[in-house]
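Give me the fold of what follows.
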Amino acid sequence: QYKNKSLQCQSQLLNILDKSSIKYNLNLGEYLLDSKELPKAKAILEETLTKLDESSNLFARASHAIATIALIQNKENEYIYHLAKSTIADIKSTTLEVVSMQELGEKLFEKGDIARAHSYSSIALSNAVKCNATMRMIQSSKAMPIIVQAHSAEIKEWQKLIMYVIIGIIILLLILIVIL
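Take a look at the predicted model:
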């Protein structure tokens, strides 16, 4: 029901926008994505990307939409690539939208890159708090306890490893002292 209303609103917006504008192409791509016309949406969004400055929030939106298409099509590397492009554009445009960074953090966590997942998720949550974006705060904070726990466990493992290396070095030094 709400999806249909959203599509109707997008359709009305497309009727108002100048058909030769970048915003029209971006909104058309997003409309086609929501309509599940993925090949058309991707073609329009990729063409739109070539016309946008990589530091604009529109570039971030287009990249995120392409990432969503890649996710639907189970193209994991392409999904991560476009999320990263969207995150970079979001940072450069200083809009602090955090959606792409939040999703990127969650995806990296799934792939076992705990340190970067922790970093990205923390930044996304911090940006949501700075912007007082309540829904983003809730979304960002849902994954944080799991990521923080995994990050803490990873740090403890590194600490153990460092302790073993130090003990090994001390033993080697003692052996050298005894031999000499």
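
Leu13 is in contact with Asn27, isn't it?
Yes - assessed by CB atoms under 8 Å, Leu13 is found in contact with Asn27 at 5.8 Å. Backbone N, C-alpha and C define where each C-beta goes, glycine included.

Neighbour count for these two, which is higher?
Taking neighbours as other CB atoms under 10 Å, Leu13 and Asn27 compare with Asn27 leading, 20 against 15.

Counting neighbours, which bits of the helix or strand harbouring that one end up buried?
For Asn27, the host element (DSSP states H and E) is helix 22-34. Using 16 or more other CB atoms under 10 Å as the test for burial, helix 22-34 gives 22, 24-33.

Now tabulate those residues in TSV and tack on distance to His64 and pLDDT.
Below are the buried residues of helix 22-34 laid out as TSV (distance: CB to CB, whole Å; pLDDT from 0 to 100):
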residue	distance to His64	pLDDT
Ile22	16	94
Tyr24	18	95
Asn25	15	95
Leu26	11	94
Asn27	14	93
Leu28	16	95
Gly29	11	95
Glu30	9	93
Tyr31	15	94
Leu32	15	94
Leu33	10	94
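
So which residues of the protein form helices?
Per DSSP state H, the chain carries helices over the ranges 2-16, 22-34, 38-50, 57-72, 76-93, 99-110, 114-130, 134-179.

Show me the contact partners of the second one.
Under the criterion CB atoms under 8 Å, 6 or more residues apart in numbering, residues 3, 6-7, 10-11, 13-14, 17-18, 38, 40-42, 44-45, 47-48, 51-52, 58, 61-62, 65, 68-69 lie in contact with helix 22-34.

just the angle between it and helix 38-50, please?
150 degrees (axes from the mean of the first three to the mean of the last three CA atoms, to 10 degrees).

Now do helix 22-34 and helix 57-72, the angle between them.
For helix 22-34 against helix 57-72, the angle by the same axes, to 10 degrees is 20 degrees.

If anything else comes up later, I'll come back, but that's it for now.
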